[in-house]
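*Asks:* Structure here, sequence nowhere to be found:
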């Protein structure tokens, strides 16, 4: 078989580990040829290929990013995209495709399957918000980086009796905030799943100051205060009459300073969370995903996505995988909240 | 309630995170008093206590070891041990005990439960070999440290065209070898679950050298070659007529050098794997275990152990927890083996 | 002797290592009593003391921040500050003071010396901009953290063919930008010492894209474009008509996106650079500074600051220490510039 | 010019940073061609070359080992070695050589210079024992890794009230032991420069246990007890009648256990210390060495070695560089000793 493979969407530590596993098992066990498509779905649309050999993947297991490049191109939004994709596949005699990506990439994979293009999906979301799998690779690395940052910020906060607000990734789901907040011993954790009350945040902050410790607040970038998004709107003035800068983290640090009269600072971790060498956990998970994806391809079991359930890798229909966003359940938030303050 | 807590057996990153969670939720949600017993079961035998307060656990989440100290003392092996333990518990008016430890500690917990001492267990094994839970805290940290070491050793191996044998923990189960080997891209992984053939190891090593790369062999301390343990016996002479030093790692490095004529070195990671700051993964797991253990205590649900199943924390009978060793199944070894060479 | 010690100004990894060395050598070699003053110069003004014993400093060597707390209080700016400080010193029978801090703290130390208060200074500036010493502790840690971030960002930049601007600390001196930029292989490094030409930056960025690699630009927070600070002024509109957010990093990322038509993002590392466990280098330097400071105190050699020259710790007059800012010399910038693009 | 470059001796983090700097400045500033010789002096003897281009060194700054490979081959010990080396140089029209290595490699460089081969040396020794330079790259990384290990081991030692002996690199000079011992807060540091008294070690260990803390002993692999090497001889029996295993670390742990009656364990860090990504400090130093080496080549200033003096890179005669071993002076040992116990 000739198997095509591509990586779509935002980069994520572990992508190269999937590529390595697909390539090594594909070549040495099944005798496939592995063809890399460059820059996500743009590759098969424009015919951008690069062969994946044992030597190409020799040294990539512990490297962040993706050696194939990525993009957010969607063949269904590009004029003639799907036709061009199909003709590339025909021209390169590709028998099946491994598509590694998030909701968008897998959504395309599902539609293509329905049109007869044989695809197997590998889930990728650094935010851990895909419903059909317990965890996705990249998430553990992001949590690890955010936790290291919180550890570092705590000593500064304590030395200066200061509140520190750490804004982490998580536009629609608060998994990174929840896990890094728990791991870093955050005194408040705020997630997109539940509007937060600034009054309650201020209470926890003041409780913490009363116990003579400095508070750390971890907030997901998608968290919003009660009263809605307008409070965060660009152009609003802060307590000192200045134009507010940045997102919810900066807004909240400002608000805390204003209401408590204590020094308060924000740190926005940003892109640092998604790059660089993956943790051991993510390398193992990504490697196992890759090994099982090429098994699924070789079994002719298309339209599936590999997924983690407990300690097992299973196959689920692509349709299930993209049906719902996996958000943090109320019980997990309640579980964490007893550690606040 | 007055709740006693102790940590037994070898130290493990995450123990302090359990103590913190038990103490914080115990005090702030349930209004319990938390009494720490020092040095494992020795504490309740000899009446060595220290109160656990919010301040005591303020700064321990990211610290390795255990602030309570540990020991391998078993009250059933000490003259009058159980009686002294019971009278300490009576004297200090302890209503229930949280026992954090491995097979031995939990075995004692189970027997005590049968005798009417109310205990809840928290599983702890850095080797991840307890059957009733998907993972135990400390394991991810050990794998992380071993993987970092393998990453470092690879560049040395490549620069000198040399085979490197890395001996990791795992006396009866090969989980650390399997996961760190997968994460570090080891070219051979050897575990206690399956006797290894030195001939096959040498084949993989030579294949690797033929491809112009240096081989890394990860071996669990409990792995043994076919033909049995006598090959590893102390006092045996190596290929150069010297007395062999150390365990299986050193033995195997020697053997590879002798059979392939290539340079070969062993590194024994040892205690470095079990100390220091826990990974974010382990801090989250240990924290959740602690929160659920104090819930179980407060529910009067004794004789149970908290356990991870998928992404949930559940309670299982202590009896189940210690019934069988969780070893690496054959499928997981086969899954990994396709990446060898 | 009774020796007072305080930490002033912003926190910096290594402060606790100085405190530990002063305390251990002070007590065990010289038989001094060591008295900690809390919160910088505020401590001696308000009489806030805490004894420093061997147990207090047992576990602080690898911890960021300062166990004494810090502040920016200047006794010469507080009504009656110097008198209150002197009377605290008399009341607590303090024979001499170790003052650990930057330009401001050491400036106070120098003035107090002139008024007969016996002080020895220990230099502390994370920006490495004190003239009398080759390096100060904390700097290596900040460079280490910034370099790790650059390593992580590079894989993201490459995967998305994107320019990344990393804003690091350095208000008046570009040492952190220079060293982390060299260590991280930055394609452009911009420092406060030399106004930068946006045209040249864009040239380097485009050269880099032409070679099919993604550019990383490291910019010190105090760097300014030619044409002066007004370009960075708050309220200015960006290329898309939005109010510009943040400092020079965000401004420059915007500018690059506008001029090159490529994606460009900014990351502002902020407080993460100054907290957490110090590097081994900083622990050694801070420890040696502490040991030599207590020697100087015990020799009655006041009005001095300890300093690093080559591999030696020497004593220099406090007056010299605060005379000039140590900025990055032109030769060092030229040395680095050959690696740009 | 056509400039040859090679890396000799043991691998060392930072070698690739030197190669990158030589190549980038050589090509882009001076217009040289850069020719890599493989496997140390073996390369020019056997004519093993590989061109070093901008693309080849693009991604190597943060990678350990050496992309050129290394060896301990000495052309003066190989039959006809020097003649073959000279004819390779003539054949490949090499105008000058950059030789990166330790005492042996630089010794060859010096002799070749005397015979008219134009060479510039770059010092490399992970042990930091070359006399003509303040520091060499790789040393900081080794100290960093050893310090991390000590940090981890401390929590284990404390939890089990156990003595831990950490054996680090340093056959003839104790720099790694001294710096990692200071940075890790070791309670005893033992170096090759001064025979150690086991009695004194035991005293410090017992003092430490009396203060209720666990002792960490850092020992360089080349340290020897008073009474000479015979105590360490292979085949000797330990206190329990077993044949002693391993080097001085294992020997000493045994001895401490025997004399104090306390548990005592050894950890031998070994090759982990020399591999993997270099610290920021080492990357900066190695980069600067490379930039200055190619300057020296281009100036026609041969027979020199680049060296660090304070914060400057200078050129010193190769002859000086290899004249004497730089050992730890008595004052530095005395400085550290006040922190023992």
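*Replies:* Alright, I've got the coordinates. Note that the structure is predicted; figures quoted are calculated from it, not measured. Numbering: from 1, shown residues only, chains lettered A, B, ... in the order given.
*Asks:* switch to C-alpha atoms for all contacts and neighbour counts from now on
*Replies:* Will do.
*Asks:* So what does residue A:162 look like in phi/psi?
*Replies:* Note on residue A:162: its backbone torsions stand at phi -130, psi 150 [degrees, to the nearest 10].
*Asks:* Enumerate the residues of the stretch 151-300 of chain A near chain C.
*Replies:* A:151-156, A:158-160, A:235, A:243, A:245-246, A:267-272, A:274-277 (Cα under 8 Å from any Cα of the partner chain).
*Asks:* Would you map the strands across chain A?
*Replies:* Ranges of strands in chain A, per DSSP state E, are A:2-7, A:33-37, A:49-52, A:96-101, A:119-123, A:163-168, A:188-190, A:216-220, A:264-268, A:304-309, A:312-317.
*Asks:* Tell me what angle the fourth one forms with strand A:33-37.
*Replies:* Yep, that's strand A:96-101 we're talking about. For strand A:96-101 against strand A:33-37, the angle by axes from the mean of the first three to the mean of the last three Cα atoms, to 10 degrees is 40 degrees.
*Asks:* per the record, what domains does chain A have?
*Replies:* Chain A breaks down by automatic domain parsing into domains covering A:2-125+A:278-321, A:139-274.
*Asks:* want to throw the ones you listed into TSV with mean neighbour count?
*Replies:* Shown next, in TSV, are these (neighbours: other Cα atoms under 10 Å in any protein chain shown):
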stretch	mean neighbour count
domain A:2-125+A:278-321	22
domain A:139-274	21
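*Asks:* what's the closest of those to residue D:311?
*Replies:* domain A:139-274 (28.5 Å; Cα to Cα).
*Asks:* Between the two ends of the closest one, what distance do you get?
*Replies:* 9 Å (Cα to Cα, to the nearest Å).
*Asks:* do stretch A:297-307 as well
*Replies:* End-to-end span of stretch A:297-307 (Cα to Cα): 15 Å.
*Asks:* hang on, the earlier thing: comparing the domains of chain A, which gets the lowest mean pLDDT score?
*Replies:* If the domains of chain A are sorted by mean pLDDT, domain A:139-274 sits at the bottom with a mean of 89.
*Asks:* Show me where the stretch 201-341 of chain A has its helices.
*Replies:* Assignment of helices within the stretch 201-341 of chain A using DSSP state H, counting those that start in this stretch yields the ranges A:248-260, A:280-298, A:318-321, A:330-337.
*Asks:* Indicate which one of the ones you listed is closest to residue C:318.
*Replies:* helix A:248-260 (36.6 Å).
*Asks:* What is that closest one packed up against?
*Replies:* With contacts taken as 3 or more Cα pairs under 8 Å, 6 or more residues apart in numbering or on different chains; DSSP states H and E, helix A:248-260 sits against strand A:163-168, helix A:198-210, strand A:264-268.
*Asks:* for the residue of the stretch 201-341 of chain A found nearest chain C, what are its contacts?
*Replies:* Nearest to chain C, among the residues of the stretch 201-341 of chain A, is residue A:276, at 3.7 Å (Cα to the nearest Cα). By Cα atoms under 8 Å, 6 or more residues apart in numbering or on different chains, the residues touching residue A:276 are A:13, A:63-65, C:151-156.
*Asks:* likewise residue A:171?
*Replies:* Counting by Cα under 8 Å, 6+ apart, residue A:171 touches A:192, A:220-223.
*Asks:* One more: residue A:76?
*Replies:* Applying Cα under 8 Å, 6+ apart to residue A:76 gives the contacts A:82, A:108.
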